[in-house]
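In: all I have is the shape, not the residue letters:
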């Protein structure tokens, strides 16, 4: 069974956030093919959307002020409406292959490697929210054509990049973005709210020094059955298919341990919540109900702040889905991108 057919989506309408009002249950939409410009799981062979795209990639690089080289890959028609995708910790542009395969027939799908990941280099600046913000700013300036605005999508650390960017470059939000999607992400308290480490009831929180030490440890990820089980426990749900787990694990294993540890240490004390105040375009927040890394408590907090400011499009909770929402609930994730694109 595919991830899209087993997933039911709880959509908390913008006006209902924080007040406990109606929640609409929407059944899995695998067999509907009415979304223009979107390839669904049912349209292709099993797991085909996880494969390397056949679309030609327009590859470019930009060099930041501190010497980091940021790898950019763009797919789809050059004059297509832009969709900018920002990946999470330990991932790369390859993480977005399912979105490229599903969307690049009609849209201009723009991906980039976060510094230190994939083909991007680290540079000399300390890792943290400022470089996440500035790198995204530079990518948008280099790729979003004049007269166009992008749907900007961030998963995990990629969502943090968007929030940090809005905080540091508020004048760019409406310049470059028509809408935003924050998936499986948070703005602060990453260690305090994690459920990766099960604790007795009398210890409701992971001690921050312990969490920071775990995140910053540059341990190589060797290939083994035990490692795969641990990876799935931490990053995905028990419902994820073998192909989905393998796809994500292979990408994560390619990240250099030192980069993973460096960014882990940087994110352990992250606090960028003030950036949400500047995210003044329609913004969807999405999370899996079984996400251990950025549990739904984070999504609800993000949604409440956005709702209070009048910028929340909707909060989507995907039952039975873990941290890798864009893979485990591929069709629902992509449908929301297209819906935002069509606002």
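Out: Received, thanks. In this text, all values refer to a predicted model and were calculated from it rather than measured experimentally.

In: for residue 299, which non-adjacent residue is spatially closest?
Out: Spatial nearest neighbour of residue 299, chain neighbours left out: residue 287 (3.7 Å); criterion: CB to CB, 6 or more residues apart in numbering. C-beta: built from backbone N, CA, C; applies to glycine.

In: list the contacts of the host helix or strand of the one you found.
Out: Using DSSP states H and E, residue 287 maps to strand 283-288. Residues from elsewhere that reach strand 283-288 (CB atoms under 8 Å, 6 or more residues apart in numbering): 179-184, 237, 294-296, 298-299, 302-303, 306, 311-318, 320-325, 328-329, 333, 336, 340.

In: let's see it at 6 Å
Out: Applying CB atoms under 6 Å, 6 or more residues apart in numbering, the contact partners of strand 283-288 are 180-184, 296, 299, 302-303, 306, 311, 313-318, 321-322, 325, 336.

In: okay, now the sheet partners of that strand, with direction.
Out: Within its sheet, strand 283-288 is paired with strand 177-183 (parallel), strand 312-318 (parallel), according to DSSP bridges.

In: surely residue 59 forms part of a strand?
Out: Yes - using DSSP: H, G, I helix; E, B strand; the rest coil, the assignment for residue 59 is a strand.

In: please name the bridge partners of it.
Out: residue 73.

In: what's around it, how many residues?
Out: Using other CB atoms under 10 Å, residue 59 has 11 neighbouring residues.

In: okay, it and residue 73: tell me how far apart.
Out: Counting by CB to CB, to the nearest Å, the gap from residue 59 to residue 73 is 6 Å.

In: name whatever forms a beta bridge with the residue nearest the centre of the chain.
Out: Residue closest to the average C-alpha location in the chain (CA atoms, centre = their mean): residue 155, at 0.8 Å. Bridge pairing for residue 155 (DSSP bridges) gives the partners residue 183.

In: tell me the contacts of it?
Out: 88, 183-184, 326.

In: coming back round to it: ok, the residue nearest to residue 299 to residue 56 distance?
Out: 34 Å.

In: where does the stretch 101-250 of the chain have low pLDDT?
Out: By pLDDT under 70, the low-scoring segments of the stretch 101-250 of the chain are 192, 194-222.

In: what ranges do the strands span in it?
Out: Assigned by DSSP state E, counting those that start in this stretch, the strands in the stretch 101-250 of the chain fall at 108-112, 150-155, 177-183.

In: could you point out which element follows the strand holding residue 287?
Out: Next in sequence after strand 283-288, counting helices and strands by DSSP H and E, comes helix 296-308.

In: tell me what angle that next one forms with strand 312-318.
Out: 160 degrees (axes from the mean of the first three to the mean of the last three CA atoms, to 10 degrees).

In: if we can go back for a sec, looking at the strands paired with strand 283-288, which is nearest to residue 141?
Out: If you check each of the strands paired with strand 283-288 against residue 141 by CB to CB, strand 177-183 wins as the nearest, at 12.8 Å.

In: which strands and helices lie in contact with the strand or helix carrying residue 339?
Out: Per DSSP H and E: residue 339 is located in helix 330-341. Judged by 3 or more CB pairs under 6 Å, 6 or more residues apart in numbering; DSSP states H and E, helix 330-341 is in contact with helix 3-6, strand 150-155.

In: rerun at 7 Å
Out: Applying 3 or more CB pairs under 7 Å, 6 or more residues apart in numbering; DSSP states H and E, we find helix 330-341 packed against helix 3-6, helix 97-103, strand 150-155, strand 177-183, strand 283-288, strand 312-318.

In: got TSV for the strands of the stretch 101-250 of the chain, with distance to residue 189 too?
Out: Shown next, in TSV, are the strands of the stretch 101-250 of the chain (distance: least, CB to CB, whole Å):
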stretch	distance to residue 189
strand 108-112	27
strand 150-155	18
strand 177-183	16
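
In: and the ones you listed: which comes nearest residue 264?
Out: strand 150-155 (16.4 Å).

In: sort out which residues of the closest one are buried, please.
Out: Buried residues in strand 150-155, counted by 16 or more other CB atoms under 10 Å: 150-155.

In: got it, and stretch 182-196?
Out: Buried, per 16+ other CB under 10 Å, within stretch 182-196: 182-191, 193-194.

In: same question for stretch 168-175.
Out: Of the residues in stretch 168-175, those buried (16+ other CB under 10 Å) are 168-169, 172-173.

In: turn those residues into CSV, including distance to residue 40.
Out: Shown next, in CSV, are the buried residues of stretch 168-175 (distance: CB to CB, whole Å):
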residue, distance to residue 40
168, 37
169, 35
172, 33
173, 31
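
In: for those residues, which one is nearest residue 144?
Out: Of all those, residue 144 sits closest to residue 172, with 9.9 Å by CB to CB.

In: in contact with that closest one, which residues?
Out: When contacts are counted by CB atoms under 7 Å, 6 or more residues apart in numbering, residue 172 touches 137, 140.

In: measure the residue nearest to residue 299 to residue 244 for me?
Out: 17 Å.

In: give me the more crowded residue out of those two.
Out: residue 287 (28 against 23).

In: who's the more buried one bridged to?
Out: With DSSP bridges as the criterion, residue 287 is bridged to residue 317.
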